[in-house]
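Participant: Could you look at this predicted model? Sequence included:
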Amino acid sequence: MKRHTKFLPECVPLQVKTYIKKQMKKTIMMAAALAGTAFFLSCKSSKDALATSALEGEWNITAVDGQKAEAEKEVFIGFDLQKKSIYGCAGCNRIMGSLEADTLKPGTIAFRKLGSTRMICQDMATETAVMAALKEVTGYSGTPEEITLTGKHGKALLTLEKRTASRIESLNGEWLITEVEGTPIATLGKTEKAPFLNFNANEKQVHGFAGCNIVNGSFSQEEGQPASLKFKQMISTMMAGPGLEVERKVLGALNSVHCFEAVSETQIVLKDANGKAVITLTRK
């Protein structure tokens, strides 16, 4: 009994049969190659997507809906993946909320329970745009140093640039007080030794020298605001001598501190409630 080639009638000449077989084989191989390429690209795309862990930390918001983000106060957002929360400043008010990120699907993210404080600033345009954009975010893309938060159909909503995170651990150690309200400490008057502050972040204690006397005290933070800072129970010795004028200005500035910014690993700026720099610290 003769075995017939499937789909090829017996009446088809042998040469034609051979040609058709070759064409069918080519088609199958091309289909397999295309499928393999699609699978490779899919895997490559997933592999190249920025990992969710790269979001951790703080980012300056440099643009909103394609427009430069400018406001009275710094505009930034911080991601705390462990607590699944966000914090920051929209240009006038502090912002807070929760985040949803699928670690198995890098590139997807959403913000929930967004809220802010209720201060009024002269120009609220940037803040209004930032809050509106955050509500529309569904994803992100970029590099470990620059990220774009996107909405539906990949629309770019917010552009972020990595910055040094202002966390309480950043304060640990000894810092020289180099400026008070923008004026170099050396020009404020003579002191026996350089004024400094030494922070213990774990115990929330601070020790230092204000210009004439030794100071000791503690500090606190607002819940959910890693960059907030408030000095309290600051006690100093009662000696008189050179440096009292410098000390008066240092202690006055410390009383107005509301938050801080870690500019770098070697510089911290303490700010008041309006975001104005009142004391600049340099790592000793």
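Facilitator: On my side now, so go ahead.
Participant: can you pull out the strands in the stretch 1-150 of the chain?
Facilitator: Counting by DSSP state E, counting those that start in this stretch, the stretch 1-150 of the chain has these strands, from start to end: 57-64, 67-68, 76-80, 85-89, 94-101, 109-116, 139-142, 146-150.
Participant: would CSV of those with mean pLDDT be doable?
Facilitator: Listed next are the strands of the stretch 1-150 of the chain as CSV, based on pLDDT from 0 to 100:
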stretch, mean pLDDT
strand 57-64, 94
strand 67-68, 94
strand 76-80, 92
strand 85-89, 91
strand 94-101, 92
strand 109-116, 94
strand 139-142, 94
strand 146-150, 96
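Participant: can I get those strands in a markdown table with distance to residue 270 and mean neighbour count?
Facilitator: C-beta here means a position set from N, CA and C on the backbone, and glycine is covered the same way. Formatted as a markdown table, the strands of the stretch 1-150 of the chain follow (distance: least, C-beta to C-beta, whole Å; neighbours: other C-beta atoms under 10 Å):
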| stretch | distance to residue 270 | mean neighbour count |
| --- | --- | --- |
| strand 57-64 | 17 | 20 |
| strand 67-68 | 27 | 10 |
| strand 76-80 | 17 | 23 |
| strand 85-89 | 16 | 22 |
| strand 94-101 | 17 | 18 |
| strand 109-116 | 23 | 15 |
| strand 139-142 | 31 | 19 |
| strand 146-150 | 28 | 20 |
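Participant: And the residue nearest to the spatial centre of the chain, how far from residue 84?
Facilitator: Per C-alpha atoms, centre = their mean, the C-alpha nearest to the average position across the chain is that of residue 58, at 1.8 Å. As judged by C-beta to C-beta, to the nearest Å, residue 58 and residue 84 stand 16 Å apart.
Participant: cool, residue 116 as well?
Facilitator: 18 Å.
Participant: Run through the strands of the stretch 151-284 of the chain in chain order.
Facilitator: Counting by DSSP E, counting those that start in this stretch, the strands of the stretch 151-284 of the chain are 156-163, 173-180, 183-184, 196-200, 205-209, 214-220, 230-236, 259-264, 267-271, 277-283.
Participant: With residue 201 as the reference, measure out to the closest residue to residue 142 other than its chain neighbours.
Facilitator: Closest residue to residue 142 apart from its sequence neighbours, by C-beta to C-beta, 6 or more residues apart in numbering: residue 148 at 5.3 Å. Separation of residue 148 from residue 201 (C-beta to C-beta): 33 Å.
Participant: And for residue 129?
Facilitator: In this view, residue 129 and residue 201 are 35 Å apart by C-beta to C-beta.
Participant: Among these two, which residue is more densely surrounded?
Facilitator: A direct count of neighbours by other C-beta atoms under 10 Å for residue 129 and residue 201 places residue 129 higher, at 22 against 15.
Participant: what about the closest residue to the more buried one other than its chain neighbours, distance to residue 163?
Facilitator: Excluding the flanking residues, the one nearest residue 129 by C-beta to C-beta, 6+ apart is residue 64, at 4.4 Å. Distance of residue 64 to residue 163, given as C-beta to C-beta: 17 Å.
Participant: And for residue 176?
Facilitator: 23 Å.
Participant: Settle it for me: which of these two has more neighbours?
Facilitator: More neighbours surround residue 163 than the other of residue 176 and residue 163, with 18 against 15 (other C-beta under 10 Å).
Participant: I'd guessed the more buried one sits against residue 59; true?
Facilitator: Yes. Between residue 163 and residue 59 there is a contact at 6.2 Å, judged by C-beta atoms under 8 Å.
Participant: what touches both of those two?
Facilitator: Shared contacts of residue 163 and residue 59 (C-beta atoms under 8 Å, 6 or more residues apart in numbering): residue 76.
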